[in-house]
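**Q** need coordinates for the below:
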Amino acid sequence: MAQTNGHKFVICIRNYDYPASLETRKLYEALPDAEADRHHQVRVIDESGEDYLYPEEYFVSIQLSTAAERALVNAS
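**A** You can find the predicted model right below:
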């Protein structure tokens, strides 16, 4: 997962079985979770506003510029 300044961001590329929770082509913040990583899962804050585990193949990592990351983190 791409990480800058302690934050990881991913884009959803699949939402099979989770259409109400994940939107394809949407940016999500991924939270650190070593146990999830070992099981090929990603913990993201989904459309419910809560963090849940999803298969890592549903996402691609992205690297944001410092300014874009700062704007996203401060918008929360």
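**Q** which regions of this structure sit below the pLDDT cut-off?
**A** For the chain, applying pLDDT under 70 flags the ranges 1-6, 76.
**Q** gap between the residue in the chain sticking out farthest from the centre and residue 73?
**A** In the chain, counting by C-alpha atoms, centre = their mean, residue 67 sits farthest out from the average C-alpha position, at 18.4 Å. Counting by C-beta to C-beta, to the nearest Å, the gap from residue 67 to residue 73 is 11 Å. Quick note: C-beta positions are derived from backbone N, CA and C, even for glycine.
**Q** which residues does stretch 10-26 contact?
**A** By C-beta atoms under 8 Å, 6 or more residues apart in numbering, the residues outside stretch 10-26 that reach it are 1-2, 27-30, 42, 44, 46-48, 52, 54, 57-62.
**Q** kindly recompute the last result at 10 Å.
**A** Stretch 10-26 has contacts (C-beta atoms under 10 Å, 6 or more residues apart in numbering) with 1-2, 27-30, 42, 44, 46-48, 50, 52, 54-62.
**Q** straight-line length of it, end to end?
**A** Using C-alpha to C-alpha, to the nearest Å, the end-to-end distance of stretch 10-26 comes out at 8 Å.
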